[in-house]
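[1] Provided below are the primary sequence and the corresponding predicted coordinates.
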Amino acid sequence: MIYSRLLSKLAAAACVFHISTAHPGQTVQELQDEIVERDIFFEDTKTPQSVAVAVAKARADLGLPQKKKPIKARATSPVSISHLSGLDLTPTSPNVEEIIYSNSSCILSLEGETGPFCEHVRGDLSETQAGVPVVIDGQFLDTTTCEPIQDLYWDIWNCNSTGVYGGIPASPINGNTGDASNINKTFLRGLQPTDANGVAQFTSLFPGHYAGRTTHMHVVAHIGGTVLLNGTYTGGKVSHIGQVFFDQSLITKVESLSPHNTNTQKLTTNAADRVVAAEIAGGSDPFFNYVLLGDTVSDGIFAWITFGVNQGATYTASAAARLTANGGVPIAGGVAPLLHSWK
């Protein structure tokens, strides 16, 4: 019978899903043990995302319609829940990526506002800036297959502890108007390619804030471009633009520390931020999960998030400035990122 053949195929798929997905209450060691057992059992490691593809293929092979899992409304807004993880791990823990992404969702990440700047291909974004260190990990999944997206360039940037972005002219809302060199600065901005698991990582600093906006980071997903010999990226297309956020409780702790506590601009909370509201309206959770790297926030933060990206989508953005071999050049009327690239 068709039913029994489908059931046997789905049962096999469900077995793969069971042993590659974290269960509530598991310790890091238990998760690591499961991962080792899974890798021994499967020569070609399968992921929860590949299971979704296998199930879809099984149904297609049997001539059955595809089923879509309904998206239920969240009982509680992501703004109100804690994203502090109970896992005891660091960015260098064994199998860390498989642990933190064991329950990843490939639901499309809602598009958000673009920001004004862009960057070089590099992993460490801190330069000479001061602040709370943060290691940022992100996984990108294709929304049509739930498979990881390899060789996507994750573009991320944020303002410094006192609310200043490098890379555009200074202004009354962006630092010291007398600092003509600000347009040539590149701090806290960069791109990194995703690996076979769809994952890329940055070492950076926790963002500051500026008037009218909550603490946030800008995200752009680039596909199909080229890395030039000078370490900049050009060409390709943009398949996702958005912003990501941190729990208000974490922001409050960071804001009490130097140099964040020298920022005199008014702090907007997550609950009052218009971009947060827009991104969660469609059921998305644009907040980082995180753990502290020591006893206090000042010791550093490890934060991670999953993005669902439609690789067929294309977005266009105009830039506030462009970085050339001779420094930054303002672009009249530009408000969004443009790749810092030159031949």
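    That came through fine.
[2] now do the strands in the stretch 201-343 of the chain.
    With DSSP state E, counting those that start in this stretch as the definition, the stretch 201-343 of the chain shows strands at residue ranges 216-227, 233-245, 289-292, 301-309, 321-324, 327-330.
[3] just name the most buried of those.
    Of those, the one with the most neighbours on average (mean count of other Cβ atoms under 10 Å) is strand 301-309, at a mean of 23. Yep, even glycine has a C-beta here, placed from its N, CA and C like the rest.
[4] packing partners for that one?
    Counting contacts by 3 or more Cβ pairs under 8 Å, 6 or more residues apart in numbering; DSSP states H and E, strand 301-309 packs against strand 133-142, strand 216-227, strand 233-245, strand 289-292.
[5] D195 reaches Q150, doesn't it?
    Yes - counting by Cβ atoms under 8 Å, D195 touches Q150, with 6.6 Å between them.
[6] and the gap between D247 and I81?
    8 Å (Cβ to Cβ, to the nearest Å).
[7] apologies, that question was intended for T90.
    Following Cβ to Cβ, the distance that separates T90 from I81 is 23 Å.
[8] for I241, same thing?
    Applying Cβ to Cβ to I241 and I81 gives a distance of 25 Å.
[9] where does the chain have low pLDDT?
    1-75, 100-119, 170-178, 317-320, 322-324, 331-343 (pLDDT under 70).
[10] run the last query once more with 90
    1-120, 143, 146, 164-186, 211, 225-236, 240-242, 278-285, 314-343 (pLDDT under 90).
[11] show me where it has helices.
    Listed in chain order, the helices of the chain (DSSP state H) span 2-19, 28-41, 48-61, 96-100, 248-255, 274-280.
[12] can you show me the CA trace of the fifth one as PDB?
    I take that to be helix 248-255. Output in PDB follows, covering the C-alpha atoms of helix 248-255 (Å, rounded to 0.1, in the frame of the first residue of the first chain):
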ATOM      1  CA  GLN A 248      17.100  44.000  26.500                       C
ATOM      2  CA  SER A 249      18.500  42.500  29.800                       C
ATOM      3  CA  LEU A 250      21.800  41.900  28.100                       C
ATOM      4  CA  ILE A 251      21.900  45.400  26.600                       C
ATOM      5  CA  THR A 252      21.200  46.900  30.000                       C
ATOM      6  CA  LYS A 253      24.200  45.100  31.500                       C
ATOM      7  CA  VAL A 254      26.500  46.100  28.600                       C
ATOM      8  CA  GLU A 255      25.400  49.700  28.800                       C
END
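[13] show me what counts as buried in it.
    Going by neighbour count (16 or more other Cβ atoms under 10 Å), the buried part of helix 248-255 is Q248, L250, I251, K253, V254, E255.
[14] which one of these is nearest G300?
    V254 (10.9 Å; Cβ to Cβ).
[15] any idea how far the closest residue in space to Q201 that isn't next to it in sequence is from G327?
    Counting by Cβ to Cβ, 6 or more residues apart in numbering, Q201 lies nearest to D137, which is 4.9 Å off, once chain neighbours are set aside. As judged by Cβ to Cβ, D137 and G327 stand 32 Å apart.
[16] tell me which of the helices and strands packed on strand 301-309 sits nearest to L205.
    Closest approach to L205 among the helices and strands packed on strand 301-309 is made by strand 133-142 (6.3 Å; Cβ to Cβ).
[17] what about D247 and I81, which has more around it?
    Set D247 next to I81 and count neighbours by other Cβ atoms under 10 Å: D247 wins out with 21 against 13.
[18] for Q192, see how far away that one is.
    Remark: distance between D247 and Q192 (Cβ to Cβ) = 24 Å.
[19] surely H222 meets T234?
    No - using Cβ under 8 Å, H222 is not in contact with T234; the gap is 9.7 Å.
[20] mind checking how far the closest residue to D299 other than its chain neighbours is from R274?
    The shortest distance from D299 to any non-neighbouring residue, by Cβ to Cβ, 6+ apart, is to L293 (5.2 Å). As for L293, its distance to R274 is 32 Å (criterion: Cβ to Cβ).
[21] cool, K237 as well?
    27 Å.
[22] repeat for T296
    From T296 across to R274, the span is 32 Å (Cβ to Cβ).
[23] same question for G235.
    32 Å.
[24] quick revisit: quick one: contacts for the residue nearest to Q201?
    Contacts here follow Cβ atoms under 8 Å, 6 or more residues apart in numbering; on that basis D137 touches P91, E97, I100, V199, A200, Q201, F302, A303, W304, I305.
[25] count the residues that sit near the closest residue in space to the fourth one that isn't next to it in sequence.
    In this case it means V199. The spatially closest residue to V199, leaving aside those adjacent along the chain, is Q139, at 4.8 Å (Cβ to Cβ, 6+ apart). Look at Q139: counted by other Cβ under 10 Å, it has 24 neighbours.
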